[in-house]
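Asks: just need the structure, nothing else, for what follows:
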Amino acid sequence: MTADPELVVPIAIRDAILERARDGHPEEVCGVFGGGYDPDGRSRVHSQYPADNVAETPRTRYRIDPEAQLELFDRLEERGEEIVGFYHTHPRGPPRPSDTDVARATWPDRSYLIVSLEPHEIGSWRWRADDERFEREAVVFE
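Replies: Residues are numbered from 1 along each chain as shown. Below you'll find the model as predicted:
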């Protein structure tokens, strides 16, 4: 039996993402989480790697440039970290995956943390490629 998925995020990283979200408003901000990855259980964030949002409509979409993403992945590897997942904001929306988020999800069993500024909420989801859906996961801030 597998445990319910859980994402553990240090409070300092949560606060840094919230600050980026406020500074980037009204556009979505995004980035990558590094740390310890568990496909079914508890993944632990050790660091966050901010990325520029290069989407054509950054107020309603996010996209990390593929070359920049590879550079971030190299930095993670150099530090001995695994890709835990990704984060982005919904400045004026709910902290759950949009239809576009579902259509563009490509990293099986990784976490997708979403920060909403209006209302102020944080949610996290795991992409389950086997049945092409997001599964809600608990977020623990410590």
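
Asks: sec struct for Tyr62, please.
Replies: coil (DSSP: H, G, I helix; E, B strand; the rest coil).

Asks: how about residues contacting the lowest-mean-pLDDT helix or strand in the chain?
Replies: Across the helices and strands of the chain, mean confidence by mean pLDDT, DSSP states H and E is lowest for helix 99-104: a mean of 91. Outside helix 99-104, the residues that touch it by Cβ atoms under 8 Å, 6 or more residues apart in numbering are Arg61, Tyr112, Ile114, Glu132, Arg133, Phe134. The C-beta positions use only the backbone N, C-alpha and C, and glycine is treated the same way.

Asks: nearest to Glu78, of those residues?
Replies: Nearest to Glu78 among the contacts of helix 99-104: Tyr112, at 23.8 Å, using Cβ to Cβ.

Asks: buried set for the least confident helix or strand of the chain?
Replies: Across helix 99-104, burial judged by 16 or more other Cβ atoms under 10 Å covers Asp101.

Asks: report the distance from that helix to the chain centre.
Replies: 13 Å (Cα atoms, centre = their mean, to the nearest Å).

Asks: show me where this protein has its helices.
Replies: In the chain, helices defined by DSSP state H lie at 11-24, 66-78, 99-104, listed in chain order.

Asks: in the second one, which residues are buried?
Replies: If I follow you right, that is helix 66-78. Gln69, Leu72, Leu76.

Asks: that older thread, which one in the contacts of helix 99-104 is the model shakiest on?
Replies: Across the set of the contacts of helix 99-104, Glu132 stands lowest in pLDDT, at 86.

Asks: contacts only, for that one.
Replies: Val102.

Asks: from Arg104, how far off is it?
Replies: Here the criterion is Cβ to Cβ, to the nearest Å. By it, Glu132 lies 12 Å from Arg104.

Asks: same question for Gly34.
Replies: For Gly34, the distance to Arg104 - Cβ to Cβ - is 21 Å.

Asks: swap in Pro26?
Replies: Counting by Cβ to Cβ - Pro26 and Arg104 are separated by 21 Å.

Asks: check Gln48 too.
Replies: 20 Å.
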